[in-house]
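Colleague: Got a sequence here, can you build the structure:
(one chain, ligands or ions: 2)
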Amino acid sequence: MKLYCLGIEGTAHSFGAGVVTSDGEVLSNEWDMLKPVQGGIHPREASRHHSELGPRIIKNAVEKAGINFEEVDIIAFSRGPGLGPCLRTTATIARTLSLKLEVPLIDVNHCVAHIEIGCLESSFKDPVTVYVSGGNTQVIAFAGGRFRTFGETLDIAIGNMLDVLGRELGMDFPGGPIIEKEAKKGNEYHNLPYSVKGMDLSYSGMLTAAKRLLSEGVAIPDICYSVQETSFGMLAEISERALAHTKKNELLLTGGVARNDRLTEILSGVAERHEVIFHRVSPSLAGDQGAMIAWNGILLYKAGHQVEVENSHVLPKWRTDDQDILWR
Ligand code: AMP
Ligand code: MG
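Modeller: Residues are numbered from 1 along each chain as shown. Ligands and ions are numbered 1, 2, ... in the order given. So this is what the prediction gives:
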């Protein structure tokens with residue numbers, strides 16, 4: 001029997017809902033992102049965005065999937081990691097739906113969901129995953145029953161670094177895609193801190209140095225070009241080491257920053273050198289969205305897992321390697 005899972009995502013500034021079947025068909029994937037008028041994301045404002053727009057987004061997702069609410073078999077939600085107020089709003093919506101529709105509730109780790117939707121799309125079995133987004137920067141691989149973080153940022157996430165820099169450069173939010181466009185026009189490389197420590201990396205020094213370049217009158221395209229080359233080069237280095245160490249033969253690029261063509265080019269070069277297959281998750285499944293939560297909900301449900309409403313408190317600091325991966 002085919003099952004329909006409604007997945008609900010709301011860990012940060014995006015709210016999403018998607019319907020995925022037990023066969024892995026993505027039937028719908030609706031979402032909306034809060035754009036801060038100025039400054040960064042305020043957790044309370046983001047959670048208000050989710051509670052105001054959430055019900056409509058969910059209704060649209062169910063309608064676009066061509067089913068009605070009575071046909072939903074499972075409700076999955078992103079339990080963490082993320083911003084507390086956003087997680088709580090999302091979890092409350094999910095619990096309410098689960099109780100009202102009398103269907104199982106499944107708690108999903110947001111980072112693991114990014115990996116598994118990439119595996120679904122690429123048919124990869126066991127990749128090294130580069131997960132780059134507004135809130136996360138991790139190189140992950142499966143070992144000993146869990147997704148292990150081989151390397152990660154020690155301070156800010158790469159997407160956050162790009163967005164903050166974008167704001168300094170007078171760009172709209174999010175800055176990431178605009179920086180990519182500007183970088184294409186740049187050709188003069190300026191030195192920036194290349195900060196790799198063992199398998200980890202750090203981006204805050206680069207942000208400060210890039211701001212200094214601006215005050216020194218360096219052209220914006222050259223700043224963007226230098227930032228991309230340095231920050232992506234750092235990621236390439238730790239991805240290479242993860243491949244060499246784990247001897248896996250697939251490299252997966254996922255998360256919102258996976259939309260970047262230059263990063264894709266650099267990592268596909270890494271894959272070629274190591275003779276492994278490369279896949280970049282397609283833009284509609286790369287960022288934060290509900291389909292990935294729904295698909296992980298299916299995997300967990302098939303492995304016999306569900307969560308009781310009374311035990312479903314959110315986990316803002318839930319680490320990728322803090323979950324037994326029952327379905328692998
Ligand atoms: P997520 O947190 O997964 O929803 O992804 C959002 C992040 O992806 C933001 O920080 C964006 O700036 C970033 N992003 C989106 N498109 C691009 C792009 N083309 N290049 C670099 N960063 C991007
Ligand atoms: Mg994410």
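
Colleague: Helix, strand or coil: sort out the residue in the stretch 201-328 of the chain that ligand 2 sits nearest to for me.
Modeller: Per Cβ to the ion, Asp288 is where the stretch 201-328 of the chain lies closest to ligand 2, at 4.4 Å. No exception for glycine: its C-beta is placed from N, CA and C like everyone else's. When classified by DSSP: H, G, I helix; E, B strand; the rest coil, Asp288 comes out as coil.

Colleague: Next, it: phi, psi?
Modeller: Main-chain dihedrals, Asp288, degrees, to the nearest 10: phi -70, psi 120.

Colleague: What is the burial count for the closest residue in space to Lys64 that isn't next to it in sequence?
Modeller: In space, and not counting its chain neighbours, Lys64 is closest to Ser28: 3.8 Å by Cβ to Cβ, 6 or more residues apart in numbering. Using other Cβ atoms under 10 Å, Ser28 is surrounded by 20 other residues.

Colleague: Can I get the helix or strand Ser28 falls within in CSV, CA atoms only?
Modeller: Using DSSP states H and E, Ser28 falls within strand 26-33. The C-alpha trace of strand 26-33 is given here as CSV (Å, rounded to 0.1, in the frame of the first residue of the first chain):
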residue,chain,number,x,y,z
VAL,A,26,7.7,14.1,-4.4
LEU,A,27,4.1,15.2,-5.0
SER,A,28,4.4,18.8,-3.7
ASN,A,29,6.8,21.1,-2.0
GLU,A,30,5.4,24.5,-1.0
TRP,A,31,7.4,27.1,0.9
ASP,A,32,7.9,30.7,1.9
MET,A,33,10.9,32.5,3.3
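
Colleague: ok, that strand: who's next to it in the sheet?
Modeller: Within its sheet, strand 26-33 is paired with strand 14-21 (antiparallel), according to DSSP bridges.

Colleague: hang on, the earlier thing: identify the residue nearest the residue of the stretch 201-328 of the chain closest to ligand 2 in space, chain neighbours excluded?
Modeller: Closest to Asp288 by Cβ to Cβ, 6+ apart is Ser14, at 4.3 Å.

Colleague: For that neighbour, give the beta-bridge partners.
Modeller: Applying DSSP bridges to Ser14 gives these bridge partners: Met33.

Colleague: still on that earlier bit, residues contacting the residue nearest to Lys64?
Modeller: Neighbouring residues of Ser28 by Cβ atoms under 8 Å, 6 or more residues apart in numbering: 17-19, 60-65, 291.

Colleague: Pretty sure the residue nearest to Asp288 sits against Asp32.
Modeller: Yes: assessed by Cβ atoms under 8 Å, Ser14 is found in contact with Asp32 at 7.1 Å.

Colleague: out of these two, which sits in the busier spot?
Modeller: Set side by side, Ser14 and Asp32 show more neighbours around Ser14, with 22 against 18, by other Cβ under 10 Å.

Colleague: Nearest to ligand 1 among the contacts of Ser28?
Modeller: Ala291 (13.1 Å; Cβ to the nearest ligand atom).

Colleague: Which helix or which strand is home to that closest one?
Modeller: helix 290-302.

Colleague: What residues of that helix count as buried?
Modeller: 290-301 (16 or more other Cβ atoms under 10 Å).

Colleague: Looking at the residues you listed, which one is closest to Arg280?
Modeller: Met292 (15.1 Å; Cβ to Cβ).

Colleague: who are the neighbours in contact with that closest one?
Modeller: Met292 neighbours (Cβ under 8 Å, 6+ apart): 7, 9, 18, 113-114, 116-117, 285.

Colleague: just Val103 next, same as before
Modeller: 72-75.

Colleague: now swap in Trp295 and tell me
Modeller: By Cβ under 8 Å, 6+ apart, the contact set of Trp295 is 5, 7, 20, 24, 26, 113, 116-117, 120.

Colleague: thinking again about what came up before, can you tell me which of the contacts of Met292 lies nearest to Met1?
Modeller: Of the contacts of Met292, the one sitting nearest to Met1 (Cβ to Cβ) turns out to be Gly7, at 19.1 Å.
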